[in-house]
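K.L.:
give me the fold of what follows.
(2 chains)
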Amino acid sequence: MGAYVSLPTWWRSNDSRYRLVLGKCPECGAHNFPAEGVCASCNADADFEEVEPEGTGTVQAVTVISGGAPPEFDEYQTREGAFATGIIELAEGARLPGMFCDCDPSEISRGDRVEAVVRRLYEQEGVPRYGVKFRPVE
Amino acid sequence: MNEVYVVGAGQTDYGSFPRESYRSLFKEAVDTAVASVDAEFDRESVDEAYVGTLGVGGRQLGLPGPAVTEFAGLNGTATTRVENACAASGVALRQAVLAVRAGVADVALAGGFEVMNDVSSERTGEWLGVSGETEWERMAGTTFSGVYAQMADAHMAEHGTTREHLSRVAVKNHANGAKNPHAQLGFETNLEDAMNAPAVADPLNLFDCCPTSDGASAVLVASRDAAEELTDNPIRIAGAGQSSGRVGLFQRPSLTEIPATQRAAEQAYDEADIGPEDVEFAEVHDCFSIAELLAYEDLGFCERGEAGPYVASGATEPDGERPVNLSGGLKSKGHPIGATGGGQVVEVFKQLRGEAGDRQVSGLSRGLTHNVGGSGGAVAVHVFEEGWA
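P.N.:
Predicted coordinates:
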């Protein structure tokens, strides 16, 4: 097996996976995702203030993956075909990568407004793993 | 600071070689590097060896360094395995340079290997993309080509870069690779075919992507005193820069820049006491077409956002103001991950010594190599100059 996220590692990130909890830097005010480590903007090693974002954002970049998905998503790609994945900037300012759902993958473009929804991502070792995907805001 | 010289450099062909092993490929690269040294070269004179490999397939995940150096006649040599994804052997070279500068080694070897084509498609899927950010980027379904596709999408939106600009990189590098006997995809292509190839990760298509490759490379470096005994045609390493960067693209302030390239280049330029305008030719990390365009900007070859028009102007063609990827680059020559950085040095070494055969560009005296790990988590940049300092 190549790259792998263990179950304990997955579970410790549940606040980020379900609620997109951001870490506001007390030194410079930047929002960090995930909310750990030093501040990505000012390098301060300070306790972040936890901020739960409202869950909408803007697409900064997108690609449509036609084949060769990471093995975790093999089954998904076999079932659904090509899918879109990109980088979303939340209204509060932090960026994160996310898969798009509830739309035709070719419909998503940079600048589109999207909202986070919790979905089943993949199953490994018999355990389904959940997290957010993003769907277009009408 | 001790001066450091390249006294030999060699590589295998890149391609798919089911009858070879990672050890036999590495030995062939070392044999070729040793044969390229002007004077008689004694392998026992190698004080330090730095060997780059990602370890694709898991064939010898622990101790791959000693496993190849013992096989290549360097048993007992202090050997260090370097893992910095696709920048492994560029970083290995910098380690060799630092060892010679520090006076720890008079002669050092830097190289690398990768075997990527002997595993099933099921296992290949597990190994490609392992150098992306695993916890978030990969779990958003992002492939390695997908990350570069996102950079291409952003570059097109921010700077007006076009489908044709991307394909011009492929056409140029294939034309160069067609003249390189080591190249894996040593055939020419044209703009129409390159622009209309099947999609891989939109907007990138098949001709925007390098192949998966088997191969190895080896570079021999020496102090001034040792080099004077080994050659009358020295190539000096005038600058050696390295930087790390955020592993996930989403963690960087810009989606269209690789800060680690900018920092590594600045360090290499400072050491060489030059600016980007002084670089006569370069081997840059074109794992995807967009990566070569980003390299133009991050290395300072053109203004930010101008890489598309720059490649379209012909500036980086063999007869342009600054030829880039005369070897064919990763796109045409191939990309055996751990070997790539060392293989770039082989081309620069040959061009500066006038030994590049059909693809020789005359009058070159200063070249650069640029080797990127992942989508920018690690970068090594080296500047090479002909002659004694």
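K.L.:
please count neighbours and contacts with C-alpha atoms only from this point.
P.N.:
OK.
K.L.:
can you give me the distance of the residue lying farthest from the centre of chain A to chain B?
P.N.:
Within chain A, A:Glu27 marks the point farthest from the mean C-alpha position, 25.2 Å out by Cα atoms, centre = their mean. In this view, A:Glu27 and chain B are 18 Å apart by Cα to the nearest Cα, to the nearest Å.
K.L.:
so who does that residue touch?
P.N.:
Residues in contact with A:Glu27, defined by Cα atoms under 8 Å, 6 or more residues apart in numbering or on different chains, are A:42, A:44, A:46.
K.L.:
show the pLDDT at the nearest residue to B:Gln262 once chain neighbours are set aside.
P.N.:
Using Cα to Cα, 6 or more residues apart in numbering or on different chains and skipping the chain neighbours, the partner closest in space to B:Gln262 is B:Asp298 (5.2 Å). pLDDT, B:Asp298: 98.
K.L.:
tell me how many other residues crowd B:Asp298.
P.N.:
Per other Cα atoms under 10 Å in any protein chain shown, the neighbour tally for B:Asp298 reads 24.
K.L.:
identify the residues contacting it.
P.N.:
Neighbours of B:Asp298 in contact, by Cα under 8 Å, 6+ apart: B:257-259, B:261-262, B:304.
K.L.:
switch to 10 Å and redo it
P.N.:
B:256-266, B:292, B:304, B:307 (Cα atoms under 10 Å, 6 or more residues apart in numbering or on different chains).
K.L.:
for residue 118, phi and psi?
P.N.:
Since you didn't name a chain, this refers to chain A. When read as degrees, to the nearest 10, the backbone of A:Val118 gives phi -80, psi 130.
K.L.:
before we move on, what about the one 3 residues further on?
P.N.:
The phi and psi torsions at A:Leu121 (degrees, to the nearest 10) take the values phi -90, psi -50.
K.L.:
ok, it to B:Gln242 distance?
P.N.:
37 Å (Cα to Cα, to the nearest Å).
K.L.:
quick one, strands of chain A?
P.N.:
Secondary structure of chain A (DSSP state E): strands at A:22-24, A:31-32, A:49-51, A:56-65, A:83-90, A:95-99, A:113-124, A:127-136.
K.L.:
what is the burial count for B:Arg252?
P.N.:
Count around B:Arg252 with other Cα under 10 Å applied: 18.
K.L.:
from A:Ala84, how far off is the closest residue to it other than its chain neighbours?
P.N.:
Of all residues not flanking B:Arg252 in the chain, B:Arg246 sits nearest, at 6.4 Å (Cα to Cα, 6+ apart). Distance, B:Arg246 to A:Ala84, by Cα to Cα: 23 Å.
K.L.:
who's more crowded, the two?
P.N.:
A:Ala84 (26 against 18).
K.L.:
specify the beta-bridge partners of the more buried one.
P.N.:
Taking DSSP bridges, one obtains A:Val64 as the residues bridged to A:Ala84.
K.L.:
for the stretch 201-350 of chain B, what lies in contact range of chain A?
P.N.:
For the stretch 201-350 of chain B, the contact set with chain A under Cα under 10 Å from any Cα of the partner chain comprises B:201-205, B:246, B:248-253, B:255.
K.L.:
quick one: which of these is nearest A:Ala61?
P.N.:
B:Leu255 (8.1 Å; Cα to Cα).
K.L.:
for that closest one, what are its contacts?
P.N.:
A:60-61, A:87, B:147-148, B:150-155, B:158, B:249.
K.L.:
and with 7 Å instead?
P.N.:
B:151, B:154, B:249 (Cα atoms under 7 Å, 6 or more residues apart in numbering or on different chains).
K.L.:
pretty sure B:Ala49 is touching B:Thr79, no?
P.N.:
Yes. Using Cα atoms under 7 Å, B:Ala49 is in contact with B:Thr79, at 4.7 Å.
K.L.:
neighbour-wise, which of the two wins?
P.N.:
More crowded of B:Ala49 and B:Thr79, by other Cα under 10 Å: B:Ala49, with 29 against 24.
K.L.:
which helix or strand contains the more buried one?
P.N.:
Assigned by DSSP states H and E, B:Ala49 belongs to strand B:48-52.
K.L.:
can you tell me which helices and strands that strand packs against?
P.N.:
Under the contact criterion of 3 or more Cα pairs under 7 Å, 6 or more residues apart in numbering or on different chains; DSSP states H and E, strand B:48-52 touches strand B:78-82, helix B:88-101, strand B:107-114.
K.L.:
all set, thanks.
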